[in-house]
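**Q** What shape does this take:
(one chain, ligands or ions: 1)
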Amino acid sequence: MTRALVTGFVPFAGDTANPSGDAVRLLAASWTGPAELITAILPVSFDGAAAALRSLIDEHRPDVVVATGLAGDREGITPERVAVNLADARIPDNDGAQPVDAASIPGAPAAFFATLPVKAIVADLRAAGVPASVSHSAGTFVCNHAMFHALHATAQEPGVRAGFVHVPWTTQQRPDAALSIEDVARALALVLETTLRTPVDRILVGGALS
Ligand code: PCA
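**A** Residues are numbered from 1 along each chain as shown. Down below sits the predicted model:
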């Protein structure tokens, strides 16, 4: 059976919630297939998140890895196109680590593209009424670092697809937000469903000026 690993993060930067972790918990409670679903909530720690993700991948050998995190002020659900080999933290992580201009993995390539079908994911989310767009930067904090590790760990594994999806604040934290936490959980289910039935991404007009 196909196996998918989906992760979220705990709160960080003094916040009391992280919709990525909350949505992943809801997804775990409601998912009925078509793949076996493994979920985990990662620490907002450069070292801790990378180690946890790599050991989950080693242990479970998933066919699909979707890591998720919070990018609070974005419009909707944003699958990330690329992870860069750069850890440059504006604030300390939850362990107090604040790398500046460091490589996520010294000696590794400068970047990895997501191997999830990001264009198809955005098209299917929009068709379901969920605001979504492809993002071309996952930032330089723990989310980009985790995505880089997931892609590095799966780069030599034929057929394994991995990537990262940022989610926005929800109505639980911001009453005027576009999506509730249930909406985000349903969107993550759609991300998985599209990924499972789309082995090769669709070629759709997209891109961005910035
Ligand atoms: N968002 C942060 C780290 C954890 C999270 O949910 C980021 O975008 O790097």
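
**Q** At the contact with the ligand, which residues of the chain appear?
**A** 9, 12, 18, 20, 44, 69-71, 139, 141-143 (CB under 6 Å from any ligand atom). The way it works is simple: take the backbone N, C-alpha and C, and place the C-beta from them, glycine included.

**Q** How about residues contacting the longest helix anywhere in the chain?
**A** Using DSSP state H, we find that the single longest helix of the chain is helix 181-197. Outside helix 181-197, the residues that touch it by CB atoms under 8 Å, 6 or more residues apart in numbering are 2, 4, 6, 19, 22-24, 26-27, 30-31, 34-35, 37, 64, 66, 68, 77, 79, 116-117, 120-121, 124-125, 128, 130, 132, 161, 165, 167-168, 170-172, 179.

**Q** Out of those, which sit inside strands?
**A** 4, 6, 37, 64, 66, 68, 79, 161, 165, 167 (DSSP state E).

**Q** Quick check: the farthest pair among these?
**A** 161 and 167 (19.2 Å; CB to CB).

**Q** Those two: who's more crowded?
**A** A direct count of neighbours by other CB atoms under 10 Å for residue 161 and residue 167 places residue 167 higher, at 28 against 22.

**Q** need the contact list for that one.
**A** 19-20, 23, 68-71, 77-78, 179, 184, 187-188.

**Q** would you list every one of the helices in this structure?
**A** 19-30, 46-60, 118-127, 142-154, 181-197.

**Q** Was I right to think residue 117 contacts residue 204?
**A** No. Applying CB atoms under 8 Å, one finds residue 117 not in contact with residue 204, separated by 10.0 Å.
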